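1. Need the 3D shape of this:
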Amino acid sequence: MPKECSMSFQQRSLFQQGFQKYTPKELKQLEWGLRFTPAVCSLIAAYGLYSQQPVLLFAVAVLGLWAFAFPAAHPVDLFYNYLVRPVFGAVKLPANPFQRRLACLSAGLMNIIAGSLFLLEMPVAAIAVGVSLLVLQAIVIFTHFCTLSWMYEGAMRLLGKWQKPLAESEAKQMLSNGAKIVDVRSQNEFAKESLEGAINLPLEDLEHLLDEFKQGICLLFCNSGTRSHIASEKLKSHGISDIHNLGDYNRARQILQTAN
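-> Below is the predicted model of the structure:
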């Protein structure tokens, strides 16, 4: 039976957080583990607010600032990877991408503000800031949706830098030089409809198809451009450089039609 390759809301949220070289299957394996660190930090911060102990808020803030500075060295991530994860046989947490680190920095700054307000004997304001942060972190813990990552994506889209696909002129030049058109959607989607001349190399089977991508220039596309972006990043992490993202299905079709 052909396999579908779709992304859940939680997986799309992780993609938005910067985990853009992981397949939907890999993101699903990471979903629970990536909840651990924000949950632990939230519990510490919540107790700090409840007990009105600014030192605890400052301690959590240090964790956030540390995570921003050192992508692969968040203390709670390390605790999970080396002590918690082996017990459950879970997947090891990767280094934090920029968007997630940016969220850690923001949380750290908010905890510093809350702690400082307690020191200034402004407990109501401190609790207001702290509770606001806890609400945002609760959303991240339960859904993986990060407000700051969403804002970051919006800003990058406005600047034209978010998942920017291959320029049309470059794509046409590569096509004239014999580039392959690769549909990275599922076998089922490909069977229903695809572009003339395209070959189907599904994102979910990427690890077993690496040799196929080493033979010349490959131009990737999918329904929305998300899976083709993931595939291109994944392949580049394997040292395959002649990989380019055409973007969504309609854009790829238009480029092919005007290239002929």
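2. Can you get me a residue count around Ser176?
-> 9 (other Cβ atoms under 10 Å). Using the backbone N, CA and C atoms, a C-beta is placed for each residue, glycine as well.
3. separation between it and Leu256?
-> Applying Cβ to Cβ, to the nearest Å, the value for Ser176 to Leu256 is 12 Å.
4. what bits of this structure have low per-residue confidence?
-> Along the chain, the model assigns pLDDT under 70 to residues 1-6, 260.
5. try 80
-> Flagging of the chain using pLDDT under 80 yields the residue ranges 1-7, 160-161, 163, 259-260.
6. how about the strands in it?
-> 180-183, 199-200, 218-222, 243-248 (DSSP state E).
7. right, so those: which one is the most enclosed?
-> Across the strands of the chain, averaging neighbours per residue (mean count of other Cβ atoms under 10 Å) puts strand 218-222 on top, at a mean of 27.
8. So which elements touch that strand?
-> helix 168-176, strand 180-183, helix 226-237, strand 243-248, helix 249-259 (3 or more Cβ pairs under 8 Å, 6 or more residues apart in numbering; DSSP states H and E).
9. among the strands of the chain, which is nearest Ser132?
-> strand 243-248 (36.1 Å; Cβ to Cβ).
10. what packs against that closest one?
-> helix 168-176, strand 218-222, helix 226-237.
11. Just the C-alphas of that strand, formatted as PDB.
-> Output of strand 243-248 as PDB, limited to C-alpha atoms (Å, rounded to 0.1, in the frame of the first residue of the first chain):
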ATOM      1  CA  ILE A 243      20.100  19.500  -4.700                       C
ATOM      2  CA  HIS A 244      17.700  22.500  -5.200                       C
ATOM      3  CA  ASN A 245      14.200  23.200  -3.900                       C
ATOM      4  CA  LEU A 246      11.700  24.200  -6.700                       C
ATOM      5  CA  GLY A 247       9.000  24.900  -4.100                       C
ATOM      6  CA  ASP A 248       5.400  24.000  -4.300                       C
END
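12. Just want the angle from that strand to helix 249-259.
-> 110 degrees (axes from the mean of the first three to the mean of the last three Cα atoms, to 10 degrees).
13. partners of strand 243-248, with directions?
-> Sheet pairing for strand 243-248, assigned by DSSP bridges, gives strand 218-222 (parallel).
14. How far does the partner strand sit from its chain's centre?
-> Computed by Cα atoms, centre = their mean, to the nearest Å, the chain-centroid distance of strand 218-222 equals 20 Å.
15. who's in contact with that strand?
-> Strand 218-222 is contacted from outside by 166, 171, 174-175, 179-185, 195, 198, 203, 228, 231-232, 242-249, 251-252, using Cβ atoms under 8 Å, 6 or more residues apart in numbering.
16. give me that answer again for 6 Å
-> 179-182, 184-185, 228, 231-232, 243-246, 252 (Cβ atoms under 6 Å, 6 or more residues apart in numbering).
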